[in-house]
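Student: I would like to see how this sequence folds:
(chains A and B)
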Number of protein chains: 2
Amino acid sequence: MSSNSFLRLKEDIREKELVPGFTARLIHTDEMTIGHVQAQRGSVLPEHQHPHQQVTNVISGKLSMTVAGKTKICEAGDAVVIPGNTPHSAEALTDCYLIDVFHPVREDYK
Amino acid sequence: MSSNSFLRLKEDIREKELVPGFTARLIHTDEMTIGHVQAQRGSVLPEHQHPHQQVTNVISGKLSMTVAGKTKICEAGDAVVIPGNTPHSAEALTDCYLIDVFHPVREDYK
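Tutor: Reported below is the predicted structural model:
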């Protein structure tokens, strides 16, 4: 990542499939990863966990999220704070646009 | 911030004025601050800098951003990576919705 970056995501960052139906354009700084995620209606991100802190910001669509066994339906204007090492999963009830932010960097997403 | 948080931003987080015309609902984790920012057309965020890394994600609207003397017009789907201690400023050319993420936490925004 160059030091000062103006990014046009669709042109500058290749889309990566996270799991079937969940794709992301990922920005990595020294200390954070920001994922612009598109989820297709009906797609499921199975339960998983990672040491990184995560905040999922719902830009559009409707997403069922489960964090540590608690499930809520999330919509535009909602955010979900997921501490490190906390099991979580998601199901896209409609097509969704999400911005996931992580600290530290998701090296596994590079 | 409680450990597992499902947040409805407009209900759960009070809006804070950053500068006239720029208001934000701010989420603070242990290591990051996420700002859901509304900027009013014509408003200016004067040049400033801080040690925190920042990524500005444009959700809607048109924003002129200047980072280290370089200016670009940013729109939905654009992101700007601002390293720590780098002068930057912004002018909202239309009403804008931005998501700014920072590491470490913006203690000055608490």
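Student: can you give me the helices in chain A?
Tutor: A:9-12 (DSSP state H).
Student: how close does the residue most central in space within it get to A:Phe22?
Tutor: In chain A, the C-alpha closest to the average C-alpha coordinate belongs to A:Asp100, at a distance of 3.4 Å (C-alpha atoms, centre = their mean). Counting by C-beta to C-beta, to the nearest Å, the gap from A:Asp100 to A:Phe22 is 10 Å. Placement of C-beta: from N, CA and C, glycine included.
Student: next up, the contacts around the closest residue to A:Ile99 other than its chain neighbours.
Tutor: Excluding the flanking residues, the one nearest A:Ile99 by C-beta to C-beta, 6 or more residues apart in numbering or on different chains is A:Asn57, at 4.5 Å. Residues counted as contacts of A:Asn57 (C-beta atoms under 8 Å, 6 or more residues apart in numbering or on different chains) are A:Asp78, A:Ala79, A:Leu98, A:Ile99, A:Asp100, A:Val101, B:Ile34, B:His36, B:Ile99.
Student: how about stretch A:86-101 as CSV, C-alpha atoms only?
Tutor: Taking Å, rounded to 0.1, in the frame of the first residue of the first chain, the C-alpha atoms of stretch A:86-101 are listed here in CSV:
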residue,chain,number,x,y,z
THR,A,86,-15.4,-14.4,19.6
PRO,A,87,-17.4,-16.9,17.5
HIS,A,88,-19.6,-15.2,14.9
SER,A,89,-21.5,-16.0,11.8
ALA,A,90,-23.8,-14.2,9.3
GLU,A,91,-26.5,-14.9,6.8
ALA,A,92,-27.5,-12.4,4.1
LEU,A,93,-31.3,-12.2,4.1
THR,A,94,-31.0,-9.8,1.1
ASP,A,95,-28.1,-8.7,-1.0
CYS,A,96,-25.9,-6.7,1.4
TYR,A,97,-23.2,-4.1,1.3
LEU,A,98,-21.1,-4.2,4.5
ILE,A,99,-17.9,-2.5,5.6
ASP,A,100,-15.9,-4.7,8.0
VAL,A,101,-13.0,-3.2,9.8
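Student: buried set for that stretch?
Tutor: Residues of stretch A:86-101 classed as buried by neighbour count (16 or more other C-beta atoms under 10 Å in any protein chain shown): A:Thr86, A:His88, A:Ala90, A:Glu91, A:Ala92, A:Leu93, A:Cys96, A:Tyr97, A:Leu98, A:Ile99, A:Asp100, A:Val101.
Student: A:Asp100 contacts A:Val55, correct?
Tutor: Yes - between A:Asp100 and A:Val55 a contact is recorded at 7.3 Å, counting by C-beta atoms under 8 Å.
Student: now the common contact residues for A:Asp100 and A:Phe22.
Tutor: A:Val37.
Student: so the residue nearest to the centre of chain A bridges to which residues?
Tutor: A:Gly35, A:Thr56 (DSSP bridges).
Student: that one and B:Arg106: what is the separation?
Tutor: From A:Asp100 to B:Arg106 the distance is 19 Å (C-beta to C-beta).
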